[in-house]
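Trainee: Predicted structure and sequence below. I'll ask about it afterward.
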Amino acid sequence: MREKREIKIFLLVMAFFAAACWLRYFDHTINPQDTTAFAFSYRYGFISRGLMGSLLELAGHLTGMDLMTYETVYAWSTVATLLFFCCLFGFFAAVLVRCEGRELRRQQYLIILTAVFAFPMFVTEENFGRLDVYLTILMLLCMILLIRGRREWLVPPLCCLGVLIHQGFVFMNVNIVLVLLFYKWLKSGGKKRRYYFLLLAVTFVAASSLFVYFEFFSHVNGTRIYDEVVENAKQLAVDGETYSTALVNHEILGEGVFMDEWFFHKINYVELPQFLLVFLPYIWIAVRFGKDLFSRATGGRDRWIFAAVALGAWTVLPEFVLKVDYGRYLYSIVFYYLAMILSLTALGDGQVKDALGDMEARLTKKMYAPAILIVYPMILMPFLDVVISQINVVLCGFMPSLMEW
């Protein structure tokens, strides 16, 4: 009873923290990249990223109102961001109710660290209204279902919805869902094991098939619908004119945008080493934690599980090679590892719990104030899009010659 009360108080405090992040970082605007994403719909065929625009058009048809406006997308995005916070808190609660004693306190620290990265992510101008928020909502719902062990059959259709919204779901979000299904498959026996293998196979095949279709076969009508999609995108813009040319060219015409974005690639190549340098303490802790986990493996099954956990986040690698939004990709990696540890602890993995205990003891012994590990990333936040994080804005200010390269 005392622990339930402690959890409620903790989540209430976290809610105030979330509200403070919203007030601090909310820019009250959506950039053209994100309004343009609502210009695509299935009235042009089964095209890439067509789901959200189709839902917007359906809502307009049902209400008899013209909802293809900037104000509608702004309101829609506000509701989606609030829903993201609700799902995030649902995930936190699902983890905490499965912990007790010292383990509960460790999870609270991990949740605070996760919140430092997650709370500001979708309220800045760079990411407010971005399709990523819908992908993250679906990912969190899948994680909650898998942790609770209820209605897990919903996981494959939820993942398919993610790919319908944005095929980047395959690289940035589905990884944690697949790894958790892989974990439950290998840890289960009998009918349950066959059940989780089926869920894993269906999720992987369905999401991959949709991705291949959207990337290579959904542009057949591109030249015919291009002008109309551009007009839709302009209609959704705050000034009635500005839209993302690169996004329309890629999604409607199937054009590659690597060279068009070369200027932004150069920014990424300068900023990535900077960020990795300031983030080095967490990289060291993560590597040491991974080594501890592998040392606890008692057989081939455990090694397969821990290898999947360690490598799962690197489904994002193709995005690093081909695209430019390093802020989004690094955020997805950080969130993956923190959420994975929280999830495995909630699922009762003894080896993860023991490794966390050892890590806590090691940090407490070597650091005068371990809480600095939670405070420190606040100066790095928020993660942005092309610019990785706020700290890169500061660092690049000292190196203008590099930025002109």
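Mentor: On my side now, so go ahead.

Trainee: residue contacts, residue 305?
Mentor: Each residue near residue 305 by C-beta atoms under 8 Å, 6 or more residues apart in numbering is listed here: 182, 183, 186, 187. Using the backbone N, CA and C atoms, a C-beta is placed for each residue, glycine as well.

Trainee: Quick check: the gap between it and residue 195.
Mentor: Counting by C-beta to C-beta, to the nearest Å, the gap from residue 305 to residue 195 is 18 Å.

Trainee: hmm, back to that, between the contacts of residue 305, identify the one with the most neighbours.
Mentor: For the contacts of residue 305, the largest number of neighbours (other C-beta atoms under 10 Å) sits with residue 183, at 23 neighbours.

Trainee: Leaving out the residues flanking it, which one is nearest to it?
Mentor: residue 305 (5.6 Å; C-beta to C-beta, 6 or more residues apart in numbering).

Trainee: my read is that neighbour is in a helix, agree?
Mentor: Yes: using DSSP: H, G, I helix; E, B strand; the rest coil, the secondary structure at residue 305 is a helix.

Trainee: so what's it scoring on pLDDT?
Mentor: pLDDT for residue 305: 90.

Trainee: now it: how far from residue 144?
Mentor: 21 Å.

Trainee: Residue ranges in the stretch 251-400 of the chain under the pLDDT threshold?
Mentor: 367-370, 393-400 (pLDDT under 70).

Trainee: try it again with 80
Mentor: The model of the stretch 251-400 of the chain has pLDDT under 80 over residues 254-261, 297-300, 365-371, 390-400.

Trainee: The stretch 1-150 of the chain now?
Mentor: For the stretch 1-150 of the chain, residues meeting the criterion pLDDT under 80 lie at 1-3, 100-102.

Trainee: Which stretches in it count as helices?
Mentor: 2-25, 32-36, 51-63, 70-96, 101-118, 132-148 (DSSP state H, counting those that start in this stretch).

Trainee: The longest one vs helix 51-63, what angle?
Mentor: When you say that, I think you mean helix 70-96. 120 degrees (axes from the mean of the first three to the mean of the last three C-alpha atoms, to 10 degrees).

Trainee: tell me which residues of helix 70-96 are tucked away?
Mentor: For helix 70-96, burial by neighbour count (16 or more other C-beta atoms under 10 Å) applies to 70, 72-74, 76-78, 80-81, 84-85, 87-89, 91-96.

Trainee: can you check the first one too?
Mentor: With burial defined by 16+ other C-beta under 10 Å, the residues of helix 2-25 counted as buried are 7, 10, 14, 18, 21, 22, 25.

Trainee: what's the distance between the last one and residue 18?
Mentor: Applying C-beta to C-beta, one obtains 11 Å for the distance of residue 25 from residue 18.

Trainee: got it, and the second one?
Mentor: Between residue 10 and residue 18 the computed distance is 13 Å (C-beta to C-beta).

Trainee: Any idea which of the helices of the stretch 1-150 of the chain gets closest to residue 269?
Mentor: helix 32-36 (20.8 Å; C-beta to C-beta).

Trainee: now the buried residues of helix 2-25 as a markdown table including distance to residue 330?
Mentor: A markdown table is the format used below for the buried residues of helix 2-25 (distance: C-beta to C-beta, whole Å):
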| residue | distance to residue 330 |
| --- | --- |
| 7 | 30 |
| 10 | 27 |
| 14 | 23 |
| 18 | 21 |
| 21 | 18 |
| 22 | 22 |
| 25 | 17 |
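
Trainee: Among the residues you listed, which pair sits farthest apart?
Mentor: 7 and 25 (26.4 Å).

Trainee: nearest to residue 390, of the helices of the stretch 1-150 of the chain?
Mentor: Once the helices of the stretch 1-150 of the chain are compared by C-beta to C-beta, helix 2-25 is nearest, at 9.5 Å.

Trainee: what residues does the closest one touch?
Mentor: With C-beta under 8 Å, 6+ apart as the criterion, helix 2-25 contacts 85, 89, 92-93, 96-97, 100, 104, 108, 111-112, 115, 119-120, 123-124, 382.
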